[in-house]
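S.K.: Next one to model:
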Amino acid sequence: MTTSTPAPAAVPARPDGRVPFDLAEIPFSTRGAWTDVSPVVGLHETADHLHLVSHRNGLTGVLQLSLWARGREVEVPVVADSSVLTWSSPDGTVEAVHDGPEVLRFRGGGLALRLTDAATELTPFTGTYLYEDLAAQAFCFTSYETGQRYRLTVLAGEVAAEGVEALGESPRWVEVASAGQEAWEIAVEEFPTTRTSFVPTRSFDDAVAGADQDFGAWLERVAPWRTAATPAADRAAYVLWSATVAPEGFLARESVLMSMHWMDKVWSWDHCFNALALAPGDPRAALHQFLAPFDHQTPEGALPDSIAHSELLYNYVKPPIHGWALARLLPSLDLTADELQEVHDRLAAWTRFWLEHRVAPGRTAAHYQHGNDSGWDNATTFDLDRVVEGPDLAAFLVLQLGVVRDLALRLGRDDEAATWDAARRVQLGALEGMWDGRAYRATAPRTGRRSTSTSLLALMPLVLGDELDAGRRAALGALVDEHLTEWGLATERPDSAAYEADGYWRGPIWAPSTVLLEDGLRRAGFVDRADRVSASFRRLCEASGFAENFDALTGQGLRDRAYTWTASAYLLLAAEAAEREAVA
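M.R.: Alright, predicted model coming up:
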């Protein structure tokens, strides 16, 4: 068994430039890899041992890692940083490094490493099979769950194995140990069919130096502004780096997954926040991240709900925040004429989807068919009715129609631009119809029934900034204060009877709502409020890491603990705060 030695959420990089982190929260991986090392092996499932985990065909803990000495398993603390895992005890030391995205190398002395089939049972359709690859002179596990092979090549030391060619329920493991006083070393690869024998092109130490250089250079591009005043910036960047996968399966572009835990997909709005965080330092990566869902756009213009390695879901959609995001991205993107055309056409089709397929007869506002379409799955806005015309949706479409109009003008399509502008005015009117004298309320298009208004979602029209009527702005700004705790914006007003501390979108603080409203508040002229929202969320991440969401009253991280849009939100808000401070 191995145990993880936690590092506080805001420990800065060490003098060697590496970023320490807690393996219980953040997996050990590298840019481009579809595998990681983590104790998280399923939905809210954490194993006693670290595992080699694959995200091809879904999250699977493939191989259990254990350390042995004197013929018995020993519990050894492990510490993690952005380049190396290190297990250390009086018996010896084991280290692991990614030698590029496709090879994980281990080295040790005094302790033996055993890699064990985590499935334990092989059936005709499930489990893992162990055999000796005679051509490559290596042992190999094959997994039904991932559809991949895991080849173990011993580079130094002695190897033992059990369960080779065994069927049914049987222990299956490979163990590598020192031969005499020399260190042992092994390389682990994941691939689908076969490869030539693994021959290292550099030493283990050179692989570590390469890992240092690769992440360090990328960190300098993505967060060059970081200082002691932004102590979580290095770790936020590592969360993004380690969740970036190479093009494969349904993801045709290099993509940042939502997490390298169980949320190992790209949803069609989270990618916008990750693109924004990447844009200043890696604009090409940002463009690919922004366009990834558009690779699967339907003829009607809809985007998929989510994309994974081997799964593409269309049963819901996500909100059209893409115009808002693109407006912020464009200053960093040096688009070619063809790219400008593509971005316009994709965004125009996505906008037409809402206007042509999500507006009921006799109505002007577009509607959601379920809370999932809004991204706020179970928000109280959807308690009375699931099919609603949301004020947030109307506001997003107003912004998006303006961006499509401006792109059309850049392309010389003046007539189309006029059409988009007319549609924009219609959506502004639809939004105005949702005002009840104190707040915006979602409306059920079938009955006209209005939703409750205690969800933060009702305040999302603030994304329009100074385009909102001054009176509406003032009213919404005051309502923001009812949601703002010491840690940030609660998604349900804390004094509401519907508030739940761990209620998903019924209370906890989330990154996307924070970024959208911080931006809207600032453009609406509520600079002090925007500053408070930004500072509280940054302080939250520095205290509790980059969780999926957070308890709004205690700041405790909830659910998945290595969420990329949370890390991206921190990087965005910290970079903007640093820029404001620099010009103050």
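S.K.: could you dump stretch 522-532 to PDB, C-alpha only?
M.R.: Included here for stretch 522-532 are C-alpha records, laid out as PDB according to Å, rounded to 0.1, in the frame of the first residue of the first chain:
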ATOM      1  CA  ARG A 522     -16.800  45.100 -14.100                       C
ATOM      2  CA  ARG A 523     -18.300  46.200 -17.500                       C
ATOM      3  CA  ALA A 524     -21.400  47.300 -15.800                       C
ATOM      4  CA  GLY A 525     -19.300  49.800 -13.700                       C
ATOM      5  CA  PHE A 526     -19.500  47.900 -10.400                       C
ATOM      6  CA  VAL A 527     -15.700  47.700 -10.100                       C
ATOM      7  CA  ASP A 528     -15.700  47.300  -6.300                       C
ATOM      8  CA  ARG A 529     -18.100  44.400  -6.400                       C
ATOM      9  CA  ALA A 530     -16.100  42.800  -9.300                       C
ATOM     10  CA  ASP A 531     -12.900  43.200  -7.200                       C
ATOM     11  CA  ARG A 532     -14.500  41.500  -4.200                       C
END
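S.K.: how much distance is there from it to the middle of the chain?
M.R.: Averaging C-alpha positions (CA atoms, centre = their mean, to the nearest Å) puts stretch 522-532 27 Å from its chain's average.
S.K.: ok, now stretch 273-291?
M.R.: Chain-centre distance of stretch 273-291: 13 Å, with CA atoms, centre = their mean.
S.K.: Now do that stretch: distance from first to last residue.
M.R.: Stretch 273-291 has an end-to-end distance of 12 Å (criterion: CA to CA, to the nearest Å).
S.K.: Now that stretch: buried residues?
M.R.: 273-283, 285-291 (16 or more other CB atoms under 10 Å). Where C-beta positions appear, they are placed from N, C-alpha and C, glycine not excepted.
S.K.: Okay, residue 306 and residue 314: tell me how far apart.
M.R.: Going from residue 306 to residue 314 by CB to CB, to the nearest Å gives 9 Å.
S.K.: Looking at those two, which has the bigger crowd around it?
M.R.: Per other CB atoms under 10 Å, whichever of residue 306 and residue 314 has more neighbours is residue 306, with 21 against 12.
S.K.: tell me which residues form a beta bridge with that one?
M.R.: residue 267, residue 313 (DSSP bridges).
S.K.: Next up, the contacts around it.
M.R.: Applying CB atoms under 8 Å, 6 or more residues apart in numbering, one finds that residue 306 lies in contact with 265-268, 312-313.
S.K.: pLDDT score for it?
M.R.: Residue 306 is assigned a pLDDT of 98 by the prediction.
S.K.: what is the rounded mean pLDDT of stretch 312-319?
M.R.: pLDDT averaged over stretch 312-319 gives 98.
S.K.: Go through the buried residues of stretch 273-291 and flag which are in strands.
M.R.: Nothing among the buried residues of stretch 273-291 maps onto strands, per DSSP state E.
S.K.: does residue 56 sit in a helix or strand, and which one?
M.R.: Residue 56 is part of no helix or strand, with elements assigned from DSSP states H and E.
S.K.: ugh, wrong one, residue 445
M.R.: Going by DSSP H and E, residue 445 is not in any helix or strand.
S.K.: Now which of the contacts of residue 306 would you call buried?
M.R.: Applying 16+ other CB under 10 Å to these flags 265-268 as buried.
S.K.: Output those as TSV; include the columns pLDDT and distance to residue 80.
M.R.: Formatted as TSV, the buried ones among the contacts of residue 306 follow (pLDDT from 0 to 100; distance: CB to CB, whole Å):
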residue	pLDDT	distance to residue 80
265	98	24
266	98	25
267	98	27
268	98	31
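S.K.: Of these, just say which sits nearest to residue 319.
M.R.: residue 268 (8.9 Å; CB to CB).
S.K.: dump the residue contacts of the closest one.
M.R.: Per CB under 8 Å, 6+ apart, neighbours of residue 268: 293, 303-307, 317-318.
S.K.: So which of those is the closest to residue 425?
M.R.: Nearest to residue 425 among these, with distances taken as CB to CB, is residue 317, at 24.2 Å.
S.K.: Now the closest one: phi and psi?
M.R.: With angles defined as degrees, to the nearest 10, residue 317 sits at phi -120, psi -170.
S.K.: Which residue is the nearest non-sequential neighbour of it?
M.R.: residue 373 (5.2 Å; CB to CB, 6 or more residues apart in numbering).
S.K.: show me where pLDDT drops low in this structure?
M.R.: 1-15 (pLDDT under 70).
S.K.: Kindly report the domain assignment for it.
M.R.: 2-195+202-212, 223-583 (automatic domain parsing).
S.K.: What's the local residue count around the residue nearest to residue 317?
M.R.: 22.
S.K.: Could you verify that it is part of a helix?
M.R.: Yes: assigned with DSSP: H, G, I helix; E, B strand; the rest coil, residue 373 falls within a helix.
S.K.: Surely it is in contact with residue 314?
M.R.: No: Residue 373 lies out of contact with residue 314 (CB atoms under 8 Å); the separation is 11.7 Å.
S.K.: rewinding a little: need the buried ones among the contacts of residue 306 in CSV with distance to residue 486, can you?
M.R.: Shown next, in CSV, are the buried ones among the contacts of residue 306 (distance: CB to CB, whole Å):
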residue, distance to residue 486
265, 32
266, 32
267, 29
268, 32
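S.K.: so which of those residues would you say is closest to residue 407?
M.R.: Distances from residue 407 to the buried ones among the contacts of residue 306, taken by CB to CB, are shortest for residue 268, at 19.5 Å.
S.K.: any idea how far residue 20 is from residue 231?
M.R.: Here residue 20 is placed at a distance of 12 Å from residue 231 (CB to CB).
S.K.: Same question for residue 44.
M.R.: Using CB to CB, we find residue 44 at a distance of 28 Å from residue 231.
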